[in-house]
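Q: the following comprises the amino acid sequence and a computationally predicted model.
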Amino acid sequence: MKIDQGGEAKTTKSGVWQEFWSKEDWWAVWLGLGIVLLAYALFMGGKSISWIAVAPAKWSNFSQLGAQLSANGIRYVALLGILLVLFTIVTSFIGQRPKEFIPSFICLFVVSLVIFTAGNWDQANHYNLEPPLVALLLGLAISNLIGLPRWLDAGFRVEFYIKLGIVLLGATLPFTLIIWAGPVAILQASVVSIITFSTIFFAARKLGLDHRLAATMGAGGAVCGVSAAIAVAGAVRAKKEHPPIAISLVVFWAIILIFTLPLVSRALHLPAGVGGAWIGTSEFADAAGLAAAQSYGGLAGPDTGISGTSEQALASYTLIKVIGRDVWIGIWAFALAVIAVTKWERSEADPKAQIGQIWWRFPKFVIGFLIASLLTTLIVRGYTLGDYNKVVKPSLIAPITALRTWAFTFSFLSIGLTTRFREFTAAGARPFLAFTIGVIVNVILGYILSAHVFGHYWSVVPTH
Amino acid sequence: MGAVKSAASNKTKAECRNCACFENDPALIEETYKGLSAMSSGFGSARDEDGLCNRHSLYLSARDSCPQFTKRS
C-alpha cells in the first residue's frame, strides 16, 4: 500500500511480506488459485462453478441471441457482481480508488460481453471478427478518437487481468506438457532472446546510443516487452528519459505484430500450435502476444484449413512466452546490472548488482500457473478419456476456460483503452532504427525455429 | 566495482528507498512513464521497488545508494 512519507517524495513500504498483497502478480496467484480450488472442491462434491462461469454460446441469428441473453441475464449480472467485489478488493490493496474502479470495471465488463458475444456469431470468422483483435481495435478507437477521462484507467488493469488469465490457463494445461515441451520452449526462446538482445544492443551502440538505453531497448525486444524494459532500466540505473523511449518502441511494434503475425501465419497455413509458438517467440508483451495467439487459434478449423486447435495455439504460445522468456527476466536484469557496474560508465550514484533481484523480479504469477497445472493434472489422472470428456471437461475445465476467456478479453480491451498514441514519447530515429533491426531478426528467426527447426513439436502439442 | 551483495542487505539505512530524493510509488511511475500500463504495470513483480532519483535523474533500484543520500524526514 502506498504512503506519502514526510510530505516529500512518494515511496512504497517495503518488507518481506509486503509484496504478497502489494503486487499484482501475487494477487493473480491468490485469485486464480482460489477460483481453481473452489472449482475443484465443487467438482469433487458433484457440483460445478459452471452456473457462474457463464459465457456466450454460438448463435446464428438475432432471435437465438435474444433468447440466449434473456435466459442467462441473471447469470451475467451475478458474474459481474462477483468479479466486481473480488477485483475491487484486489485493486484497493494495490492503491486504486474503489469509486473510480467500480464504474470503470462495469463499463469494461459490458463492452467485453458485447465483444465476447460478437465473437460467437457463427459468421464471425468469415468477417475476421476475432474477439481479441476486435477488443483491441475498439479500445484503440475509443481512447484515440473519442478519448476517455484518465480516472477510468483505474479499471483497465491490463497486466492484472492477463496474469489472472494465465494462472487460469495453467489449470487447463497438462503438467506433463510443461515437462515435455518446457525444455524445447526454453531452448528456442533463449536462442532468439540472446540473438535479438545482441542485435538491438550492438545496433544501438553502433548508432552512438548510451549503453543503458541500448540494454533497456534490447531487453524490451528480447525478453518480455515493457516489463523487461522497465526491469532492466532499474537494474542498470538508466537515465530517467530512457524507459519511455523503450516503452514507445515496444508498444508500437507489439501492436503491429498483434495484427501481422496471425495474418502471415494464416497466409502460410501454419498449424495452430506452430503459429502460437511463433507468436510466443516474436511478440513482446504477454497480453499483446495472447491477443495474437488467441486470434490465430480461433481460426483453426476446416473452414480456414488451419490444422490444430485453439488450445494448441495458446499452449505453445504460453510455453514459449512464459516458461521460455518471462521467467528469465531476473537473470537478465542481474547479468546486465553486473556488466553495468563493472564495464560501463559509472553513474553518479554508488551502484550495486544484487543477486537477490533474480527472485525479486521473478514474475510470481508463473508460480500460480504451474501449481494450477499440477493440480488439474493430478485430478484428471484417475479418469478415462471417455469420463474426462463426459464429466471432467464440462464440469471443471470448461467453466475455468470461460473465466479465463473473460480475463483475457478484459485485458485485450484494456490494452486498446490505455494506449494513447499522442502521449507516447517520440523515440527518435536512431533508437527506432536499432529496435526495428532487432524486430526483423526476431521475427525471421522466430519463424524458422517455430515452423522448421521445432515445428514437429509445436504442431502436435497435446492439450486437455 | 560495486559489490555483488545478497538480499540480506535489505535493511541498509542509506539506501535510496529511505532517501528524500527517491520516489517509487507505482501509480506515480505509471503516471510518469505514459504507456507503461498499456502493456505492463507499475504494480508488477518485474519492476521490484525501482523508482526515480530526482537528484541524479536516474531510474534505479530502491536498494541503491549514493554519497548524496539525504534521509527522508
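A: Cool, got the structure.

Q: now do the buried residues in stretch A:138-146.
A: Going by neighbour count (16 or more other Cβ atoms under 10 Å in any protein chain shown), the buried part of stretch A:138-146 is A:138-140, A:142-143. Backbone N, C-alpha and C define where each C-beta goes, glycine included.

Q: can you list the residues of the stretch 51-200 of chain A near chain B?
A: Within the stretch 51-200 of chain A, the positions lying close to chain B (Cβ under 8 Å from any Cβ of the partner chain) are A:94-95, A:153, A:156-160, A:163.

Q: wait, which of those residues is closest to residue A:16?
A: Closest approach between these and residue A:16, by Cβ to Cβ: residue A:94, at 17.8 Å.

Q: show the model's pLDDT score for the residue lying closest to that closest one once chain neighbours are set aside.
A: Once flanking residues are discounted, residue A:94 sits nearest to residue B:43: 4.8 Å by Cβ to Cβ, 6 or more residues apart in numbering or on different chains. We have a pLDDT of 94 for residue B:43.

Q: so what's the residue count around residue B:43?
A: By other Cβ atoms under 10 Å in any protein chain shown, 26 other residues sit near residue B:43.

Q: repeat for the one 4 residues further on
A: Applying other Cβ under 10 Å, we find 24 residues neighbouring residue B:47.

Q: enumerate every residue touching it.
A: Contact partners of residue B:47, counting by Cβ atoms under 8 Å, 6 or more residues apart in numbering or on different chains, are A:227, A:230-231, A:234, A:361, B:26, B:29, B:40-41.

Q: now tabulate the residues you listed in a markdown table and tack on distance to residue A:51, secondary structure and neighbour count.
A: Listed next are those as a markdown table, based on distance: Cβ to Cβ, whole Å; DSSP: H, G, I helix; E, B strand; the rest coil; neighbours: other Cβ atoms under 10 Å in any protein chain shown:
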| residue | distance to residue A:51 | secondary structure | neighbour count |
| --- | --- | --- | --- |
| A:227 | 36 | helix | 28 |
| A:230 | 40 | helix | 30 |
| A:231 | 41 | helix | 31 |
| A:234 | 45 | helix | 31 |
| A:361 | 40 | coil | 26 |
| B:26 | 36 | helix | 24 |
| B:29 | 40 | helix | 25 |
| B:40 | 35 | coil | 32 |
| B:41 | 32 | coil | 27 |
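
Q: among the residues you listed, which one sits closest to residue A:399?
A: Nearest to residue A:399 among the contacts of residue B:47, with distances taken as Cβ to Cβ, is residue B:41, at 27.1 Å.

Q: how near is the residue nearest to the closest one when sequence neighbours are not counted to residue A:257?
A: The shortest distance from residue B:41 to any non-neighbouring residue, by Cβ to Cβ, 6+ apart, is to residue A:159 (3.7 Å). Using Cβ to Cβ, to the nearest Å, we find residue A:159 at a distance of 18 Å from residue A:257.

Q: higher neighbour count, those two?
A: residue A:159 (29 against 22).

Q: the more buried one is in what secondary structure piece?
A: helix A:158-170 (DSSP states H and E).

Q: send me that helix as CSV with only the CA atoms.
A: In CSV, the C-alpha atoms belonging to helix A:158-170 read as follows (Å, rounded to 0.1, in the frame of the first residue of the first chain):
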residue,chain,number,x,y,z
VAL,A,158,-4.0,-5.0,-18.5
GLU,A,159,-1.4,-6.8,-16.6
PHE,A,160,-3.5,-8.0,-13.7
TYR,A,161,-6.2,-9.4,-16.0
ILE,A,162,-3.6,-11.2,-18.2
LYS,A,163,-1.8,-12.7,-15.2
LEU,A,164,-5.0,-13.9,-13.7
GLY,A,165,-5.9,-15.4,-17.1
ILE,A,166,-2.5,-17.1,-17.4
VAL,A,167,-3.0,-18.7,-13.9
LEU,A,168,-6.4,-20.0,-15.0
LEU,A,169,-4.8,-21.1,-18.3
GLY,A,170,-2.5,-23.3,-16.2
